[in-house]
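Engineer: I'd like to go over a predicted model; first the sequence, then the structure.
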Amino acid sequence: MKSPLLGRRSFIGSTTLVGAGLAAQSAWGQSSGTGSKKVKFGLIGCGGRGRGAVKDFMGACKILGLEPELVAVADAFEDKASSLGKHYEVAEKSCFSGFDAYKEVIATDCEYVLMATPPSFRPIHFDAAVEAGKHCFIEKPVAVDPVGARSVIATGEKAKAKGLAVVCGTQRRHTYKYLRNKALIDAGAIGEIRGGVVQWNSRVPWVKPRQAGDSDADYMARNWLNFYETSGDHIVEQHVHNLDVAVWFLGRLPLTALGFGGRARRVSGNMFDFFSIDLDFGDDVHIHSQCRQISGTYGRVGESFVGTEGACYGGGKLKGKDVKIPEITVDTDNGQQQEHVDLIRSVRAGKPLNQAKRIAEVTAVAIMSRMSAYTGEMIRLNDLLKNEQSPHYNYTCKPTPLDFEKGTVKMPAETPPIPGEEDKRFANM
Ligand SMILES: NC(=O)c1ccc[n+]([C@@H]2O[C@H](COP(=O)([O-])OP(=O)(O)OC[C@H]3O[C@@H](n4cnc5c(N)ncnc54)[C@H](O)[C@@H]3O)[C@@H](O)[C@H]2O)c1
């Protein structure tokens, strides 16, 4: 299907669109995979994004002429699972709660599992889903420590061997204007990227105060966005979107991170308020990563790059040479829905997408950046992903997801790390 957007988009100079579609799998229609119009799916994590992902998945099915059925849901908390379940007429017995409830969703006959819990849980949930032969939608980010990121890479390989699709929630990669700029850059419109800045400067999204009767695990699972052990800190949880664009547009991973951060106003948890990181991509190319969550301050979210022959904003204005790029095909202007279209279409065409490695690597870039700011050290990506001798290789945030399942969660201190000082939390870094 051709994009209804094509006629509406303007391009630099006489740039033209030629060739095959980029975003969509053009093989749609050749094979229906299961042959049935029915698509059964399950959800783990019934919060804001879980609810949004269900809506997007259903919208994607509508675009593809399929009939979605949400067969089971799981959440750490009973009220969350049952309220979402009720909204989508999921049988009461298929609304599961508890820290091991994900196993129940995965044990149903659903074909797809959508995962939208806090990121720390993603590696074990993803692995369980792939073990059970499910196609997966995994929200970003996919881990909070190097061990988790490597686990997602390994699970992604397992999924590949089983012919399962894995799509992650980095919607910019499924959004027309970003796809267009990436294609223009690849065609040489701005020459070679020599530097840039990626930013997520905003406010603290929310704080959930401890409720009477909450165990440590309950409190951390509710207020997960403010603990780095569950969220990865906002440089991982939120800014990963912009880091992903840098890695995507440059076409390679950074080698090192050197940066700093701190805390001025946060009232809950143990994270930093702001980060400023120099990412060295080699060949004298540096990207400045900057993110801040402080209410009442100037907000800017986006990416900008300077090339040898032009410049561009992530999905915005591009100044450079006239070049030809392939035709870009999307079904909807909404990247969060398009990612589900691309997931399902790839399965039905027998060409499953697998984005596990790339989202795990970008998550590791964000983790590396956080580790640099927390410790005050320069951190190498290789030490997180490959170098088994590195003290950073086996760094694990505690409490771990298994602590939540086993009931052995002990609250970490609600104070931020202090760079340059010996801190027991980083003894294994
Ligand atoms: N792609 C995007 O633009 C986007 C936007 C928002 C959030 N997200 C991502 O989606 C994920 C969820 O974010 P959210 O905003 O929906 O948060 P949320 O707090 O609204 O929802 C998380 C849900 O997970 C539940 N939960 C916690 N631990 C669990 C466990 N072990 N098992 C089952 N359920 C558990 C919580 O009770 C909650 O209902 C995060 O990874 C976040 O980064 C992505």
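Structural biologist: Ah, there it is.
Engineer: ranges for the helices of the stretch 1-150 of the chain?
Structural biologist: When assigned using DSSP state H, counting those that start in this stretch, the helices of the stretch 1-150 of the chain occupy the ranges 48-63, 78-87, 102-106, 122-131, 146-162.
Engineer: so which of the ones you listed comes closest to the ligand?
Structural biologist: The stretch from those with the least distance to the ligand (C-beta to the nearest ligand atom) is helix 48-63; that distance is 3.2 Å. In this view, the C-beta of every residue, glycine as well, is placed from N, C-alpha and C.
Engineer: flag every residue of the stretch 301-429 of the chain that's near the ligand.
Structural biologist: By the rule C-beta under 6 Å from any ligand atom, the part of the stretch 301-429 of the chain lying against the ligand is F404.
Engineer: tell me which residue of the stretch 301-429 of the chain lies closest to the ligand.
Structural biologist: Proximity to the ligand, evaluated over the stretch 301-429 of the chain using C-beta to the nearest ligand atom, is greatest for F404 at 5.6 Å.
Engineer: would you say that residue is within a helix?
Structural biologist: Yes - assignment of F404 by DSSP: H, G, I helix; E, B strand; the rest coil places it within a helix.
Engineer: who are the contact partners of L114?
Structural biologist: Contacts of L114 were listed using C-beta atoms under 8 Å, 6 or more residues apart in numbering, and they are 41-44, 50, 53-54, 57, 136-137, 139.
Engineer: per-residue confidence for it?
Structural biologist: At L114, the model reports a pLDDT of 99.
Engineer: now Q30
Structural biologist: Note on Q30: pLDDT of 31.
Engineer: count of neighbours near the residue of the stretch 301-429 of the chain closest to the ligand?
Structural biologist: When neighbours are counted by other C-beta atoms under 10 Å, F404 registers 25.
Engineer: OK, contacts around it?
Structural biologist: Residues near F404 by C-beta under 8 Å, 6+ apart: 76, 99, 121, 217, 220-221.
Engineer: which residues in the stretch 101-250 of the chain form strands?
Structural biologist: Along the stretch 101-250 of the chain, the segments classed as strands by DSSP state E, counting those that start in this stretch run 112-115, 135-138, 166-168, 193-202.
Engineer: the longest one - contacts with which helices or strands?
Structural biologist: In this case it means strand 193-202. With contacts defined as 3 or more C-beta pairs under 8 Å, 6 or more residues apart in numbering; DSSP states H and E, strand 193-202 has these neighbours: helix 240-250, strand 286-293, strand 300-307.
Engineer: and those as a markdown table, adding mean neighbour count?
Structural biologist: A markdown table is the format used below for the helices and strands packed on strand 193-202 (neighbours: other C-beta atoms under 10 Å):
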| stretch | mean neighbour count |
| --- | --- |
| helix 240-250 | 24 |
| strand 286-293 | 22 |
| strand 300-307 | 18 |
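Engineer: okay, those in CSV with mean pLDDT and distance to G156 next?
Structural biologist: Putting these into CSV (pLDDT from 0 to 100; distance: least, C-beta to C-beta, whole Å) gives the following:
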stretch, mean pLDDT, distance to G156
helix 240-250, 98, 16
strand 286-293, 98, 24
strand 300-307, 98, 25
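Engineer: give me every residue in the stretch 1-150 of the chain lying close to the ligand.
Structural biologist: Proximity of the stretch 1-150 of the chain to the ligand, by C-beta under 6 Å from any ligand atom, involves residues 44-50, 74-77, 80, 99, 101-102, 116-119, 121, 139-140.
Engineer: return a PyMOL selection command for the buried portion of those.
Structural biologist: Only the buried members of these end up in this PyMOL selection, burial being decided by 16 or more other C-beta atoms under 10 Å:
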select buried, resi 44+45+46+47+49+50+74+75+76+77+80+99+101+102+116+117+118+119+121+139+140
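Engineer: and the gap between K406 and E339?
Structural biologist: Taken as C-beta to C-beta, to the nearest Å, the spacing of K406 relative to E339 amounts to 33 Å.
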